[in-house]
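Trainee: Sequence first, predicted model second:
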Amino acid sequence: MLRTTSAGPNTPGTALVAGATGIAGAALVELLTREGWQVLALSRKGGSPDPSRPGVIPVAADLTSPASLAAALKDARPTHVFFTSWSRQETEVENIAVNAGMVRNLLAALEDAPLEHVALMTGLKHYMGPFEAYGEGPMPDTPFSEEEPRLPVDNFYYAQEDELMAAAQRQGFAWSVHRSHTVIGFAVGNAMNMGQTLAVQATLCKELGLPFIFPGSETQWNSITDMTDAGLLAEHMLWAATDPNTANEAYNVVNGDVFRWRSLWPRLAAEFGVTPEGFDTVPRPLEEQMAGMEEAWKELAVRHGLAETDITRLASWWHTDADLGRNVEVLTDMSKSRLAGFTGYRRTEDAFKELFARLRDEKLIP
């Protein structure tokens, strides 16, 4: 039986974080508990990003299974839900069925809970299209603005939003949608993890005497772009979930600075003592550069006493290739959040360096 503790009159409500062991979910658990919330940390295996953190109750449930959710959340009484989970499928039709279904299943399982607000994390594929047609179809001009209409293509983000809004109308809670760019953060085993992926690439390059080669397109190498720090995303989601003036809106969320990879890449290389190489004629994807590196990483991890010998739990070559291989400029407008009162800011270079430092502290890279 799921039990929650009683809260005093000045204690925030109870938050349920779906996808609690992912990049965004782990950052939310850390922020919410620091702010005095009780947190139901929901993941498939019931793990917590930090089991010793007070105020966290791990919840094991399968978001694709209404029966699993009903059993796990029978006694749950969250006031706020933060949905950060997704499941990659082979086609966008399958992405829609599975990912929209997870939102629908979770909110149906909480039909009798005293929900006040549900915050949904999505991303910039809202403006660029799904993985099947990433940046290939019609797109709005940059910087992307929330007022742009949906693209005339199937997109699981749209289906998730529709499920959220329909449940809000039935159940009477407020909602917010948070459209992040690529998220920089700490989470072992996450499938969308550029920061850790680049750290693993640089570590192998250092160990094997290889150059640190930018894997992406000429457009990404030269264009102005932005990213989203996981801690900033958590602050943004909590802000929208607790400010009554932000209800029932979608917001972009990025760090607030802009950069070019051609300037940042050498500075990231310097963090690892490797030789940077930029774009040269054609993209050089990580799935090709890092092919067959599983054994090299295992040997490296054993030699340095690292905590994770399975490279696939730290690096996601395909996702970083998709992000850095785009042939379109990607830049996001934060005006709507700024005008509504959100002032959070991160410098992207600092976000990378803070992540690298944590990876070293956690013995995940040397």
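Mentor: Yep, it's here.
Trainee: what about the stretch 101-250 of the chain, any weak spots by pLDDT?
Mentor: Along the stretch 101-250 of the chain, segments meeting pLDDT under 70 span 135-136, 191.
Trainee: quick one, helices of it?
Mentor: In the stretch 101-250 of the chain, the helices defined using DSSP state H, counting those that start in this stretch lie at 101-109, 125-128, 156-171, 194-208, 218-222, 230-242.
Trainee: what packs against the last one?
Mentor: For helix 230-242, the helices and strands in contact under the criterion 3 or more Cβ pairs under 8 Å, 6 or more residues apart in numbering; DSSP states H and E are helix 23-34, strand 80-83, strand 117-123, strand 174-180, strand 183-184, strand 249-253. Using the backbone N, CA and C atoms, a C-beta is placed for each residue, glycine as well.
Trainee: Deepest-packed of those, please.
Mentor: Neighbour counts (mean count of other Cβ atoms under 10 Å) averaged over each of those peak at strand 80-83, with a mean of 28.
Trainee: How far off centre is it?
Mentor: Counting by Cα atoms, centre = their mean, to the nearest Å, strand 80-83 is centred 14 Å from the centre of its parent chain.
Trainee: for stretch 54-71, same thing?
Mentor: Per Cα atoms, centre = their mean, the centroid offset for stretch 54-71 relative to its chain is 20 Å.
Trainee: For it, give the mean pLDDT please.
Mentor: Averaging pLDDT along stretch 54-71 yields 95.
Trainee: buried residues in that stretch?
Mentor: 55-59, 61-63, 65, 68-69 (16 or more other Cβ atoms under 10 Å).
Trainee: Kindly check the end-to-end length of that stretch for me.
Mentor: End-to-end distance of stretch 54-71 (Cα to Cα, to the nearest Å): 24 Å.
Trainee: and what of stretch 223-237?
Mentor: Length of stretch 223-237, first residue to last, Cα to Cα: 28 Å.
Trainee: leaving aside the residues next to it on the chain, what's closest to Gln71?
Mentor: For residue 71 the amino acid is Ala, not Gln. Leaving aside its sequence neighbours, Ala71 sits nearest to Ala61 (Cβ to Cβ, 6 or more residues apart in numbering; 7.8 Å).
Trainee: do the same with Ala241
Mentor: His117 (4.4 Å).
Trainee: likewise Arg360?
Mentor: Nearest to Arg360 is Pro366, by Cβ to Cβ, 6+ apart, at 7.3 Å.
Trainee: right, and the one you found touches Thr203 too?
Mentor: Yes - using Cβ atoms under 8 Å, Pro366 is in contact with Thr203, at 6.5 Å.
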